[in-house]
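Engineer: Here's a sequence, model it:
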Amino acid sequence: MAFSGAPRIHGNVAREMGIAILGGRYAPGDVLPGEIECAEQLKVSRTAYREAMRILSAKGLVESRPKVGTRVSPRVRWNLLDPDILAWAFEAEPSESLIRDLFELRMIVEPAAAALAAERRSGEDIARMGHALEEMARYGLNTAEGRAADQAFHHAILVAARNVTLIALSSSIAAAVTWTTIFKQRRRALPRDPMPDHRALYEAIVLGDPVLTREKMTDLVRFALSDTETSMQP
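Structural biologist: Predicted structure coming up:
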């Protein structure tokens, strides 16, 4: 596969190699082919290939050593919450265990964050959530625009929690929401309309009720997992 567009070449190479690693073509401990060989196979310069390896190294996927070459890192070193790595994992067909791990993470983080948002949200936060809901309803989650609005809704909740460490998780949570939404629609339409769950959550936040909000977010994540598990069935 050849790449064009000089400023993006190393990013495209990183994506190609990242998908190969996440998809199991190269397993942890494997030494990647040499720089010259890989660059020729991918039809890119050695400089672009080295830049791509630096990207993968920063994400914990590979490590380079003198006289050894570039080796795939142990899985425990992979930054699985990196939005790029999540994207590559889903492009390579994610394992069921990864999907369930992501939903476990969401279940740990999002209900508690939503409860804080119900206590701390401002009028501006409410407006952002409401606009995101309108966009979700307008475009639907089967479109890029609708999924972007879904991301914006969940991001607005984390922002409203007024906790900088939760906000730092926002891009990872947003990526998990988006890719699981895409994944569960890959074979069939969504089994049910998720909009009522989002509206019920929004209304609880507007009411400023942290207990009800935690309950509604828990329901939303649980139903999303159930939908995803249904999509994994043959």
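Engineer: nearest residue to residue 79 other than its sequence neighbours?
Structural biologist: Nearest residue to residue 79 in three dimensions, chain neighbours excluded: residue 60, at 4.6 Å (C-beta to C-beta, 6 or more residues apart in numbering). For glycine as for every other residue, the C-beta is placed from the backbone atoms N, C-alpha and C.
Engineer: Need the three-state assignment for that neighbour.
Structural biologist: coil (DSSP: H, G, I helix; E, B strand; the rest coil).
Engineer: Residue 210: neighbouring residues, count only.
Structural biologist: 19 (other C-beta atoms under 10 Å).
Engineer: was I right about it contacting residue 112?
Structural biologist: No. With contacts counted by C-beta atoms under 8 Å, residue 210 stays clear of residue 112, the gap being 9.5 Å.
Engineer: Find residues that contact each of these two.
Structural biologist: When contacts are counted by C-beta atoms under 8 Å, 6 or more residues apart in numbering, residue 210 and residue 112 are jointly contacted by no residue.
Engineer: Mind jotting down where the strands sit in this protein?
Structural biologist: Taking DSSP state E, the strands of the chain run over residues 62-65, 69-72.
Engineer: For residue 139, see how far away the residue nearest to residue 79 is.
Structural biologist: Separation of residue 60 from residue 139 (C-beta to C-beta, to the nearest Å) stands at 35 Å.
Engineer: And residue 218, by the same measure?
Structural biologist: Counting by C-beta to C-beta, the gap between residue 218 and residue 139 amounts to 26 Å.
Engineer: repeat for residue 62
Structural biologist: According to C-beta to C-beta, residue 62 and residue 139 sit 38 Å apart.
Engineer: where along this protein do the helices fall?
Structural biologist: Read by DSSP state H, the chain holds these helices, from start to end of the chain: 9-22, 35-42, 46-58, 83-91, 96-120, 123-139, 144-160, 164-168, 170-184, 195-207, 210-232.
Engineer: where in the protein is pLDDT low?
Structural biologist: Flagging of the chain using pLDDT under 70 yields the residue ranges 1-7, 187-188, 191, 234.
Engineer: mind giving me the domain split of it?
Structural biologist: As given by automatic domain parsing, the domain ranges for the chain are 6-77, 96-232.
Engineer: Take these and lay them out in a markdown table including distance to residue 85.
Structural biologist: Rendered in a markdown table, the data for the domains of the chain read as follows (distance: least, C-beta to C-beta, whole Å):
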| stretch | distance to residue 85 |
| --- | --- |
| domain 6-77 | 6 |
| domain 96-232 | 9 |
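Engineer: so which of these gets nearest residue 90?
Structural biologist: Residue 90 lies closest, by C-beta to C-beta, to one member of the domains of the chain: domain 96-232, at 4.3 Å.
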